[in-house]
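Provided below for reference: sequence and predicted model.
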Amino acid sequence: MINLGYPCINLSLKSKGISTNRTIRLAGVKKHGEEAIGQIALCNVMDLYKILEWNRDNGITLFRLSSDIIPWGNKLGFRHLPQASDIIYWFELCGKLIKESNQRITTHPGPFNLLASPKEDVIRNTIADLEMHSEIFDLMNLSRTPYNKINIHVGASYGDKISAAKTWVTNFKRLSEGVRSRLTIENDDKASMFSVVDLHEMIHTEVGIPIVFDYHHHQFQTGGLSEEEALKLAVSTWPEGIVPTVHYSESKRLHENDMKVRAQAHSDFINGPINSYGLRLDVMLETKQKDLALLKFRKKLNESL
DNA sequence: ATAGGTCAAGCGAGG
DNA sequence: CCTCGCTTGACCTAT
């Protein structure tokens, strides 16, 4: 009862030069102007279309959109770029393909998105980043529900988890409806941060958004729950009719038997098994080998049937 | 052509 | 105090 997806980068196509992750340094923008950003963004969005076609042709219906698709988009936006109308056109085209091929698209803005930060600048950057993701999803006509989740962490506790959560909830209210209706929150991978229990008590009960369960992170912050208990608590926060999404990865340290590697680092491939405890889940595989790891694991699953 | 240093954003853990 | 890891490595310059 699990459906598999992969994040942001398609290595099968990257080897052919197809990517949504081209970017440009600030120095490059100063040298070549914002037109250069537009060029790169347009190439990225046109290649997104090719990746979506590849997903369709390979029977993959869960995919995470890269946050790098518009270089500097989180700071500068994209509607002012000379290529804006073409960029928008291609996003709309991607949206049509997504609908036709029944793909579920999600996104996971970076670890700099911190709604609990005591710094107003950090909050403002976070809001701008989240709003850009929502704007792109709107252009692709993706639902304003957690089916198309914009997923982040609380990501820090600033020495006081309870007051950090309060700050988070206060700042959540500054987000637009497009962000709030899609936002999900994921358990952290550090003991000082937020477990599924913490998120349930301090975030979900306050603002109602669903919890994304990450199997790997759970090992570093259990909140006193077993894997099954934590998964089921997270799943209980999802609205009726929307398949909950979870994240699955394995430790690079264990795969390579190298204790020098940090335990949180992700492996290239996964062995499984992924225990869904009988639940229907959309599983995002967070591996370094992306689509290649998905194809390999799916083959293994099919052969074991 | 490729390797290695550098780069836009925040935080905490580990050495 | 520096580096790594996370979301998600890619750019750029020097060899």
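Structure's in. What do you need? Residues are numbered from 1 along each chain as shown, chains lettered A, B, ... in the order given.

neighbours of A:Gly28, how many?
Number of residues near A:Gly28 (other Cβ atoms under 10 Å) recorded here: 14. C-beta here means a position set from N, CA and C on the backbone, and glycine is covered the same way.

just say helix, strand or coil for the nearest residue to A:Val169 once chain neighbours are set aside.
Nearest residue to A:Val169 in three dimensions, chain neighbours excluded: A:Glu206, at 4.7 Å (Cβ to Cβ, 6 or more residues apart in numbering). Following DSSP: H, G, I helix; E, B strand; the rest coil, A:Glu206 is assigned to helix.

hang on, A:Glu206 packs against A:Thr167?
No. Applying Cβ atoms under 8 Å, one finds A:Glu206 not in contact with A:Thr167, separated by 11.7 Å.

ok, these two, which is more surrounded?
A:Thr167 (19 against 14).

returning to what we had before: pLDDT value on the residue nearest to A:Val169, please?
pLDDT for A:Glu206: 96.

sorry, back to before: mind listing the shared neighbours of A:Glu206 and A:Thr167?
Common neighbours of A:Glu206 and A:Thr167, counting by Cβ atoms under 8 Å, 6 or more residues apart in numbering, are absent.

any idea how far A:Leu4 is from the residue nearest to A:Val169?
Distance of A:Glu206 to A:Leu4, computed by Cβ to Cβ, to the nearest Å: 32 Å.

same deal with A:Met140?
From A:Met140 to A:Leu4 the distance is 22 Å (Cβ to Cβ).

and A:Ala265, by the same measure?
21 Å.

who has more neighbours, those two?
Using other Cβ under 10 Å, the more surrounded residue of A:Ala265 and A:Leu4 is A:Leu4, with 21 against 15.

beta partners of the more buried one?
A:Val283 (DSSP bridges).

you'd agree it is up against A:Val283?
Yes. A:Leu4 is within contact range of A:Val283, at 5.4 Å (criterion: Cβ under 8 Å).

got any residues that touch both of these two?
A:Leu62.

quick one: contacts for the closest residue to DNA strand C within the stretch 101-250 of chain A?
Nearest to DNA strand C in the stretch 101-250 of chain A, going by Cβ to the nearest atom of the strand, is A:Gly110, at a distance of 1.9 Å. Residues near A:Gly110 by Cβ under 8 Å, 6+ apart: A:67, A:129.

you'd agree A:Leu130 is in a helix?
Yes. Counting by three-state DSSP, one finds A:Leu130 located in a helix.

where does chain A have its least confident helix or strand?
Lowest by mean pLDDT, DSSP states H and E among the helices and strands of chain A is helix A:252-256, with a mean of 82.

put the alpha carbons of that helix into CSV.
Output of helix A:252-256 as CSV, limited to C-alpha atoms (Å, rounded to 0.1, in the frame of the first residue of the first chain):
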residue,chain,number,x,y,z
LYS,A,252,24.9,6.5,5.0
ARG,A,253,26.9,5.5,8.0
LEU,A,254,25.3,2.1,8.2
HIS,A,255,25.5,1.5,4.4
GLU,A,256,29.1,2.3,4.2
